[in-house]
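Visitor: Please work out how this folds:
(one chain, ligands or ions: 1)
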Amino acid sequence: MAWFTRQKPGVEGAAENEERRVRTEGLWLKCESCSQIVWKKALDENLQCCPKCNHHFRIDARARLAMLFDGEYREFDAGLVSTDPLMFRDSKQYTERLASTRSATRLSDALIAASGTLERRPVHICAMELKFIGGSMGAVVGEKITRTIERAMEDRAPLIIISATGGARMQEGAVSLMEMAKISATLMRLDEAKVPYISVLTDPTTGGVTASFAMLGDLNIAEPGALIGFAGPRVIEQTIRQKLPDGFQRSEFLLEHGFLDAVVKRTEMKSYIARALRFFCD
Ligand SMILES: [Zn+2]
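Guide: From the prediction side, this is the model:
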């Protein structure tokens, strides 16, 4: 069957994914939205927003924190790891999936909890990491957020949560769904303590996260063009038997229909949050 399945490496050599990535790492890249060729450095300087069409590329949790904090920040609960309560197995064992994702992302789970200053005001920020099993919320994400809310209450410092997620983590089943209630209840206490919470929704924010803390901010703001919703459009269309409008589940549509308070460009995000916090706190 040698003519059918390639047994020896082809002309491209033993092209493993890694090697291929190195080869495409040039100075230019094609924008996935406007298809124009963009200089990578210009993209870096513009916080990964296309200088031509303002398309917001996805960025990771560390980049988010670096973008909002003034400088150094302190990370919390970095060693918290998930157990495998259901002994879940899909295409591979959940524990194996966790271990390989952990080494690939160098994160313990899909969220970084940190504190520092934003325009010299002490704040707590949680940033979700989409690359860690789709940014899914399991027991660790839930516990880290809950602890951050409690710290915010104790310090009376505002809380900011940046969501980037596919929703609850199916490998943890009901355990991950419990986190929705736990976080919501703790946010209620934060509200009673009159400490502000700003929710930042980025592309994508869906499922159990949208159905809980992402929509519970004193301000719910989103980046332009972000996919935000609970179920996917196909499921909804099949359920209600209607064609959905264009741009449905995008930030701009949700703003127009009263689900969001604002759509804020990434380059203006920090100053927008600082201004909002001055309004809330001073
Ligand atoms: Zn573009």
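Visitor: Whichever helix or strand residue 42 is part of - contacts with which helices or strands?
Guide: With the criterion set as DSSP states H and E, the secondary-structure element containing residue 42 is helix 40-45. In this structure, helix 40-45 packs against strand 28-30, with contacts taken as 3 or more CB pairs under 8 Å, 6 or more residues apart in numbering; DSSP states H and E. Every C-beta, even on glycine, is put in place using the N, C-alpha and C of the backbone.
Visitor: contacting residues around the residue in the stretch 51-200 of the chain positioned nearest to the ion?
Guide: Of all residues in the stretch 51-200 of the chain, residue 53 sits closest to the ion, at 3.4 Å by CB to the ion. Remark: with contacts taken as CB atoms under 8 Å, 6 or more residues apart in numbering, residue 53 is in contact with 31, 33, 34, 36.
Visitor: count of residues packed around the closest residue to the last one other than its chain neighbours?
Guide: Going back to what we said before, that points to residue 36. In space, not counting the residues next to it along the chain, residue 36 is nearest to residue 52; the distance is 4.8 Å by CB to CB, 6 or more residues apart in numbering. Residues within reach of residue 52, counting by other CB atoms under 10 Å, total 14.
Visitor: can you pull out the helices in the stretch 51-200 of the chain?
Guide: When secondary structure is read from DSSP state H, counting those that start in this stretch, the stretch 51-200 of the chain shows helices at 61-68, 94-105, 139-155, 173-192.
Visitor: Out of those helices, flag the one nearest residue 124.
Guide: In this view, the helices of the stretch 51-200 of the chain are compared for proximity to residue 124 by CB to CB, and helix 139-155 is the closest at 4.6 Å.
Visitor: Pull out the buried positions in that closest one.
Guide: Buried residues in helix 139-155, defined by neighbour count with 16 or more other CB atoms under 10 Å: 139-149, 151-153.
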